[in-house]
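> sequence first, predicted coordinates after that:
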Amino acid sequence: MAVVEAISTTYLEADAANITFSSIPSTYQHLQVRGTMHTNNSSDALSLFIQMGDGGSVDTGSNYSHCYMTGQSSTAEYSGNVVSATYFRLYDYVGGINSPIANYGYIDIMFADYASTDKNTSFLESGGFIGTGDKKVAQGGGVWDDTAAVDIIKFYPASGDFSRGTNLTLYGWNSS
């Protein structure tokens, strides 16, 4: 049986360029981030960018690789992979101004063995978005090509700022 603890929650009362979890303790086996997001950009839906690092600063080097698959309504939309990028890009997770204000994008990301220093940190993600005419879902996974223990994770929209009401919660997982 797993023991899950909320480590930190960020709920935006005002627009913000990013949400960053820092000083993440290394006392858990895995990390999970769940939340809903909206942006002040004029798009219907935007991508979510993620960077991670150690020592209190995010890695801006070309150390992020991931694969993804998205669908819209009942149609496959995008699939592919990105190698040696400067961030993870999760497609169409963030609602924009042209989407109804009640419709936020949703994410659920699991970072496996984030504190291990003998292998790279990998993640699995799923999420979705319901916009004006769009009903999108996405899944994917990736790897941060670094064996350092993760102690900081930064989330930001592809354009604009996160809007008031955006919230993300960081959870720690341990097996009992």
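Yep, that arrived.

> and the strands in the chain, which stretches?
2-11, 19-22, 30-37, 45-54, 57-58, 64-72, 75-85, 88-95, 105-112, 121-130, 135-144, 152-157, 167-175 (DSSP state E).

> mean pLDDT lowest where, among the ones you listed?
Lowest mean pLDDT within these: strand 88-95, a mean of 78.

> ok, residues contacting that strand?
37-39, 44-51, 64, 66, 68, 70, 78, 82, 103-107, 123, 125, 127-129, 131, 134, 136, 138, 140, 142, 157-158, 162 (CB atoms under 8 Å, 6 or more residues apart in numbering). For the C-beta atoms, the positions are set from N, CA and C on the backbone; glycine is no exception.

> I figured residue 117 hits residue 149, correct?
Yes: the criterion here is CB atoms under 8 Å, and residue 117 meets it with residue 149 at 5.6 Å.

> what bridges to residue 152?
residue 22, residue 53 (DSSP bridges).

> can you check residue 16 too?
Note on residue 16: beta-bridge partners residue 162, judged by DSSP bridges.

> coming back round to it: what's the most buried one of the strands of the chain?
Mean neighbour count (mean count of other CB atoms under 10 Å) peaks for strand 88-95 among those, with a mean of 26.

> relative to strand 121-130, how tilted is that one?
Orientation check (axes from the mean of the first three to the mean of the last three CA atoms, to 10 degrees): strand 88-95 against strand 121-130 gives 20 degrees.

> so for residue 159, what's the pLDDT?
For residue 159, the predicted pLDDT is 85.

> next, count neighbours for it.
14 (other CB atoms under 10 Å).

> any chance you could read off phi and psi for it?
Dihedral angles of residue 159 (phi, psi; degrees, to the nearest 10) stand at phi -150, psi 150.
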